[in-house]
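Enquirer: turn this into a model:
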Amino acid sequence: GPCPVSPAAAGFELEMIDFCLQDHPENIRLDGPSALRISTINGARAIGREGELGSLEVGKRADLVVLDENPLDDWRTLGQKAAAVFVDGELVVNECGLPEELREAV
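Expert: Model (predicted):
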């Protein structure tokens, strides 16, 4: 059957990973760089599509989410409302007032 998760579940999934780490004997907690890797390149690897998704590289799909905060500083930013979203290089969500010229600039 269909997978019971969606991109909207990313924040919840990261919360669960952090929760599970709380019992780690070395008191390891989720950090921003790890959460970003889990949400991007490692997610693409998990579905066998790292050659086309998961990182910003020439030749990969130009899907990009722009956030109001830096997820490297606070991983909880991932999964929150996006300021802007580009899909296949086209600006499809613009909650932060990006110039209209960027609509197809990526």
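Enquirer: what are the ranges of the helices in the protein?
Expert: In the chain, the helices defined using DSSP state H lie at 10-21, 32-39, 41-46.
Enquirer: what about the second one, distance to the chain center?
Expert: The offset between the C-alpha centroid of helix 32-39 and the centroid of the whole chain comes to 8 Å, using Cα atoms, centre = their mean, to the nearest Å.
Enquirer: mean confidence (pLDDT) on it, please.
Expert: The pLDDT scores in helix 32-39 average 91.
Enquirer: distance from the centroid: which residue in this structure tops it?
Expert: Computed with Cα atoms, centre = their mean, the residue of the chain farthest from its C-alpha average is residue 25, at 28.1 Å.
Enquirer: and it, how far from residue 84?
Expert: 41 Å (Cβ to Cβ, to the nearest Å). (C-beta placed from N, C-alpha, C; glycine too.)
Enquirer: mind putting the helices of the chain in TSV, mean neighbour count and distance to residue 55 included?
Expert: Below are those laid out as TSV (neighbours: other Cβ atoms under 10 Å; distance: least, Cβ to Cβ, whole Å):
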stretch	mean neighbour count	distance to residue 55
helix 10-21	15	16
helix 32-39	17	10
helix 41-46	14	5
